[in-house]
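In: attaching a predicted model along with its sequence, questions to come.
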Amino acid sequence: MNIQTVMVGPIETNCYIVSDPETKSCAVIDPGFEPERLVDILEKDGLNAKYIFLTHGHFDHIGGVADLRARTGAKVVIHEADADCLTDPSRSHGRVSAGPPDVTASEGSEFRLDSLTFKWISTPGHTPGSCVILSGNAMFTGDTLFYEECGRCDLPGGDYGLMLKSLRRLAEFEGDYGVYPGHSGASTLSHEREDNQYVKEALALATGKP
């Protein structure tokens, strides 16, 4: 599995191009801005985009969806609880309309892309349909888990209590994962367990220990 990080737009959104190195098929995760630049990268690297996966429905993660889908024919996938964000600009918080998704996902949905498998984990808190997408030993965490931070919960649909439950769930995964967030630098799950105050708060609430 190859993972290419492309920082796009004024909010520095992390878009990820995840590809099978043998077949050159790929998924594009959270193309929030600069679809023409993303297409140029795909063409330069000889990649064939089969899916556009969205960790949630805010404008800075979906803004490039319409153009990228039109140029590549890739299928757009978003959690069912955030699906309306693609067609209702008031829900995306940025007057963005990307058109309806091709597929809606839910907890445990899996998508195969040649040798790669992408599994959807529901992690509400930032939005009702926020998800973490697992592939191999990588987790694409959107605006749920950042490097030593978590996503904001003060926008409509946000819920800090649910965010803590989602962070606890991620922290309780066995083993370690590379963490690829929607903003900021990459991390590891082991680092976030030890040094992320929000993850530690979530675990403390679960155990009743300070």
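Out: Nice, thanks for sending it over.
In: so where do the strands sit in this protein?
Out: Assigned by DSSP state E, the strands in the chain fall at 2-8, 13-19, 25-29, 48-53, 75-79, 103-105, 110-113, 116-122, 131-135, 138-142, 145-146, 149-150, 178-181, 187-188.
In: could you dump the ones you listed to JSON lines with mean pLDDT?
Out: As requested, the strands of the chain are arranged in JSON lines below (pLDDT from 0 to 100):
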{"stretch": "strand 2-8", "mean pLDDT": "98"}
{"stretch": "strand 13-19", "mean pLDDT": "98"}
{"stretch": "strand 25-29", "mean pLDDT": "98"}
{"stretch": "strand 48-53", "mean pLDDT": "98"}
{"stretch": "strand 75-79", "mean pLDDT": "98"}
{"stretch": "strand 103-105", "mean pLDDT": "98"}
{"stretch": "strand 110-113", "mean pLDDT": "98"}
{"stretch": "strand 116-122", "mean pLDDT": "98"}
{"stretch": "strand 131-135", "mean pLDDT": "98"}
{"stretch": "strand 138-142", "mean pLDDT": "98"}
{"stretch": "strand 145-146", "mean pLDDT": "98"}
{"stretch": "strand 149-150", "mean pLDDT": "97"}
{"stretch": "strand 178-181", "mean pLDDT": "98"}
{"stretch": "strand 187-188", "mean pLDDT": "98"}
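In: quick one: which of those is nearest Ser92?
Out: strand 75-79 (11.0 Å; CB to CB). Any C-beta I mention is one placed from the backbone N, CA and C, and that applies to glycine too.
In: output that closest one as CSV, nothing but the C-alphas.
Out: Presented in CSV, the C-alpha positions along strand 75-79 are these (Å, rounded to 0.1, in the frame of the first residue of the first chain):
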residue,chain,number,x,y,z
LYS,A,75,-17.4,6.3,-6.8
VAL,A,76,-18.1,8.7,-3.9
VAL,A,77,-18.6,7.0,-0.5
ILE,A,78,-19.6,8.8,2.7
HIS,A,79,-21.3,7.6,6.0
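In: tell me which strands it pairs with, and in which orientation.
Out: Applying DSSP bridges, strand 75-79 is found paired with strand 48-53 (parallel), strand 103-105 (parallel).
In: give me the spatial nearest neighbour of Tyr51, chain neighbours excluded.
Out: Ala27 (4.2 Å; CB to CB, 6 or more residues apart in numbering).
In: tally of neighbours for that neighbour?
Out: 25 (other CB atoms under 10 Å).
In: one more: Thr123?
Out: Neighbour count of Thr123, defined by other CB under 10 Å: 30.
In: hang on, isn't it packed against Met139?
Out: No. Taking contacts as CB atoms under 8 Å, Thr123 lies outside contact range of Met139: 9.9 Å.
In: any common contacting residues for these two?
Out: Common contact partners of Thr123 and Met139 (CB atoms under 8 Å, 6 or more residues apart in numbering): 132, 145, 170.
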